[in-house]
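Asker: sequence unknown, structure follows:
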């Protein structure tokens, strides 16, 4: 008799567990060497605390009641809990603060979607430094950690969460129309974005910008194709971040993606996504969230990035197979 487990979860057997442990240990060593101390936060948080960080992040998760009738929620990521931790336990600590974590997160999925309901994340959070220096530190550290893990062909997508939001606001798009558009963009539904933009009845130049911007992807030259003054600051920050990464010798790892929108709503600036050509899915991502800590009482700029360790492990194995196949006989 085979006893089922919930969709989006899986068992991990000893051989794979040893490899996952080795991967986690290697990443942890890289993070700690860069000054990121490991923290652990509860798997469950009070729902109203999570909602303080982001309404959608808390509302999409799994909830239960404690013995006092308080609503608890399983964390859907570690960034909001760490923001709470910083405001609660580091009220007087001088920034910068650097933390790393290795923990499970839980997100609602639909049957047949092939997405993980429970997944193991390894991530870093940098509290205090502003853009673009903090963004460049984040990308550089994750890149070097993946290099050490054997993912020598990885790339990091770089966009800005404020780009599309700013344009929607400045073009006078009604509030109730903005979130559906952003959700379609986060799913890469460019056809749906185009249909929605046409339905808004905006002037032709605005429609052109809103439908063209999400298609711009490539090297630094794509930044030159954005001339709208509303987003000049965001474009300049992306350019400055790339220059800092080029100085570190990893500018060629970056793919600019001006349609990149992360699904969590607290991002305010640069957003990141991690890829490896050996697999057909993103390995992780993150971004800048300068407003989040202020919601918990300690306003500080911050950014973070998390890797899905199961996905990184799959990419690691695929890269190892490719290396064996390409090795001379």
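Answerer: Now that the structure is in, tell me what you want to look at. Bear in mind that the values here come from a model prediction, so they are computed numbers and not experimental data.
Asker: hey, let's count contacts and neighbours off CA atoms from now on
Answerer: OK.
Asker: quick check, residue 227 in a strand?
Answerer: No: assessed by DSSP: H, G, I helix; E, B strand; the rest coil, residue 227 does not belong to a strand; its assignment is coil.
Asker: partner residues bridging the residue most central in space within the chain?
Answerer: The centre of the chain sits closest to residue 286, judged by C-alpha atoms, centre = their mean, with a distance of 2.2 Å. Judged by DSSP bridges, the bridge partners of residue 286 are residue 272, residue 305.
Asker: which residues in the chain form helices?
Answerer: Read by DSSP state H, the chain holds these helices, from start to end of the chain: 14-33, 47-53, 55-59, 79-89, 133-148, 161-170, 175-186, 190-199, 204-212, 232-247, 309-326.
Asker: now those as a markdown table including mean pLDDT, distance to residue 258 and mean neighbour count?
Answerer: Formatted as a markdown table, the helices of the chain follow (pLDDT from 0 to 100; distance: least, C-alpha to C-alpha, whole Å; neighbours: other C-alpha atoms under 10 Å):
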| stretch | mean pLDDT | distance to residue 258 | mean neighbour count |
| --- | --- | --- | --- |
| helix 14-33 | 97 | 28 | 15 |
| helix 47-53 | 90 | 25 | 19 |
| helix 55-59 | 59 | 23 | 19 |
| helix 79-89 | 96 | 23 | 20 |
| helix 133-148 | 97 | 16 | 20 |
| helix 161-170 | 90 | 8 | 19 |
| helix 175-186 | 88 | 11 | 16 |
| helix 190-199 | 91 | 13 | 16 |
| helix 204-212 | 91 | 10 | 15 |
| helix 232-247 | 95 | 9 | 18 |
| helix 309-326 | 90 | 24 | 17 |
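Asker: mind putting these into TSV with distance to residue 120?
Answerer: Formatted as TSV, the helices of the chain follow (distance: least, C-alpha to C-alpha, whole Å):
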stretch	distance to residue 120
helix 14-33	10
helix 47-53	19
helix 55-59	17
helix 79-89	14
helix 133-148	16
helix 161-170	25
helix 175-186	22
helix 190-199	30
helix 204-212	35
helix 232-247	28
helix 309-326	6
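Asker: nearest to residue 41, of those?
Answerer: Checking the helices of the chain against residue 41 by C-alpha to C-alpha gives helix 79-89 as the closest, at 6.5 Å.
Asker: ok, and what's touching stretch 162-178?
Answerer: Contact partners of stretch 162-178, identified using C-alpha atoms under 8 Å, 6 or more residues apart in numbering, comprise 182, 200, 202, 206, 210, 230-231, 234, 258-259, 267-270.
Asker: let's see that with 7 Å instead.
Answerer: 206, 230, 231, 234, 268, 269 (C-alpha atoms under 7 Å, 6 or more residues apart in numbering).
Asker: just to revisit the earlier point, touching, the residue nearest to the centre of the chain and residue 306? I think so.
Answerer: Yes: the criterion here is C-alpha atoms under 7 Å, and residue 286 meets it with residue 306 at 6.1 Å.
Asker: show me the contacts for the residue nearest to the centre of the chain.
Answerer: By C-alpha under 7 Å, 6+ apart, the residues touching residue 286 are 271, 272, 273, 304, 305, 306.
Asker: spatially nearest residue to the last one (excluding sequence neighbours)?
Answerer: Going back to what we said before, that points to residue 306. Excluding its sequence neighbours, the residue lying closest to residue 306 (C-alpha to C-alpha, 6 or more residues apart in numbering) is residue 123, at 3.9 Å.
Asker: now do the third one
Answerer: Counting by C-alpha to C-alpha, 6+ apart, residue 285 is the residue found nearest to residue 273 once chain neighbours are left out, at 4.1 Å.
Asker: tell me the pLDDT of the one you found.
Answerer: If you check residue 285, the pLDDT there is 95.
Asker: residue 60 too?
Answerer: On the pLDDT scale, residue 60 gets 55.
Asker: before we move on, back to that, tabulate the contacts of stretch 162-178 (a markdown table), appending distance to residue 147.
Answerer: Listed next are the contacts of stretch 162-178 as a markdown table, based on distance: C-alpha to C-alpha, whole Å:
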| residue | distance to residue 147 |
| --- | --- |
| 206 | 41 |
| 230 | 37 |
| 231 | 33 |
| 234 | 28 |
| 268 | 28 |
| 269 | 26 |
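Asker: let me know the closest of those residues to residue 68.
Answerer: residue 268 (36.0 Å).
Asker: circling back to that earlier point, against residue 189, how distant is the residue nearest to residue 273?
Answerer: Computed as C-alpha to C-alpha, to the nearest Å, the residue 285 to residue 189 distance reads 19 Å.
Asker: any idea how far residue 143 is from residue 154?
Answerer: The spacing between residue 143 and residue 154, counted by C-alpha to C-alpha, is 8 Å.
Asker: quick one, what contacts the residue nearest to residue 273?
Answerer: So residue 285 contacts 272, 273, 274, 305, 306, 307 (C-alpha under 7 Å, 6+ apart).
Asker: contacting residues around the fourth one?
Answerer: To tie it back to what came earlier, the one meant is residue 305. For residue 305, the contact set (C-alpha under 7 Å, 6+ apart) comprises 123, 124, 125, 285, 286, 287.
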